[in-house]
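Trainee: need a 3D model of the sequence below.
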Amino acid sequence: PQVQKENPEVIGTLDQLVSIIKQEKVNHIFIALPRYAHERMALVTGQLETLPVRVSVIPDYFYLTVHHTSISEFAGLPILDMRAPALTEMQRLTKRFFDIFFTSLLMIPVLPLILVISLLILVFDGRPIFFIQNRVGENGHLFKFYKFRTMKVGAEKMNADVAIKNENGEVIIKRKDDPRVTTIGRFLRRFSLDELPQFFNILRGTMSLVGPRPELPELVKNYQPWQRARFSIPQGLTGWWQIHGRSDRPMHLNTEDDLYYIEHYSIWMDFSILIRTFWIIFRGKGAY
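Mentor: Residues are numbered from 1 along each chain as shown. All right, here's what the predicted structure looks like:
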């Protein structure tokens with residue numbers, strides 16, 4: 001048939017399925033028809049009933065899910081769980097213990113530093129000391145996100161004045177020569193000291209030490225469905241893409257790195273990212 005000439009990987013049509021199975025001595029069939037072909041799928045599986053082959057169906061429903069997907073059973077019927085947690089209960093428990101243990105240790109030197117920075121901001125830049133903002137956390141829940149204020153009061157009203165577009169036409173607000181950043185704020189950002197108040201987020205359980213960075217709700221509204229998978233685990237203070245670029249690449253343009261972390265998650269990966277983060281902060285690379 002003509003389809004064979006256009007695509008040499010196609011060895012026949014669905015009408016030729018039975019003869020191809022017999023000719024090629026196939027013992028396992030995988031069916032991956034699109035959603036609109038449900039009626040045709042019923043005919044195909046009916047044809048295979050008389051043949052000694054295993055039949056597996058790959059459902060075309062994954063466009064609906066942004067989290068890990070699992071199959072269970074309810075009343076003898078197969079159930080496709082389209083919002084299955086990315087972490088097992090044991091992984092979640094281990095990750096939470098990791099967060100509490102290391103954050104508690106780090107708070108010993110960090111707490112005095114938080115007090116000193118708070119005093120400096122109060123004396124030189126005035127109130128407010130902290131910048132509090134709604135961010136999107138695990139499973140899309142909003143939470144209060146804490147940072148030291150590093151910008152002038154009312155800086156968000158200047159977003160349109162500093163926004164630029166990259167070569168792909170994507171809007172980027174954060175940049176090195178940002179006129180909204182204060183003198184103290186520039187130093188805090190260089191060494192990521194403005195992020196220290198997020199240790200309180202971690203202790204409260206709204207964030208983790210390691211994970212995708214919590215994003216702004218207005219940016220999440222423009223996410224593609226596949227990008228929302230980054231919210232299938234707790235959002236973090238640092239993460240996989242931060243140790244590969246930090247502020248050199250904005251959060252919403254690094255979803256592939258976040259998904260890589262989710263797919264390959266282990267507590268040892270968290271530990272490795274944490275160690276590498278300390279080294280990057282010490283060098284002051286990529287942050288502004």
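Trainee: C-alpha only now, for contacts and for neighbours.
Mentor: OK.
Trainee: pretty sure Cys79 sits in a strand.
Mentor: Check again: residue 79 is Ile, not Cys. Yes - looking at Ile79 with DSSP: H, G, I helix; E, B strand; the rest coil, it is inside a strand.
Trainee: look up which residues are beta-bridged to it.
Mentor: Ser72 (DSSP bridges).
Trainee: tell me the confidence at it?
Mentor: For Ile79, the pLDDT comes out at 73.
Trainee: let me see the contact set for it.
Mentor: By Cα atoms under 8 Å, 6 or more residues apart in numbering, Ile79 lies in contact with 71-73.
Trainee: in contact with the closest residue in space to Glu195 that isn't next to it in sequence: list those residues for me.
Mentor: Spatially, and ignoring its direct neighbours in sequence, Glu195 is nearest to Lys147 (5.2 Å; Cα to Cα, 6 or more residues apart in numbering). Residues in contact with Lys147 (Cα under 8 Å, 6+ apart) are 130-132, 194-198.
Trainee: which of those tops the neighbour count?
Mentor: For these, neighbours were counted using other Cα atoms under 10 Å, and Asp194 has the most, 23 neighbours in all.
Trainee: quick one: that one and Arg204, what's the gap?
Mentor: Asp194 sits 18 Å away from Arg204, going by Cα to Cα, to the nearest Å.
Trainee: again with Lys95
Mentor: Distance from Lys95 to Arg204, by Cα to Cα: 14 Å.
Trainee: now Asp125
Mentor: 28 Å.
Trainee: so which of these two has more stuff around it?
Mentor: Between Asp125 and Arg204, counted using other Cα under 10 Å, Asp125 has the larger neighbour count: 19 against 11.
Trainee: number of nearby residues for Thr45?
Mentor: 15.
Trainee: what pLDDT does it get?
Mentor: 81.
Trainee: mind telling me what element it is part of?
Mentor: According to DSSP states H and E, Thr45 maps onto helix 38-48.
Trainee: where do the helices sit along the stretch 151-288 of the chain?
Mentor: Using DSSP state H, counting those that start in this stretch, the helices of the stretch 151-288 of the chain run over residues 159-162, 183-190, 198-204, 217-220, 255-263, 267-283.
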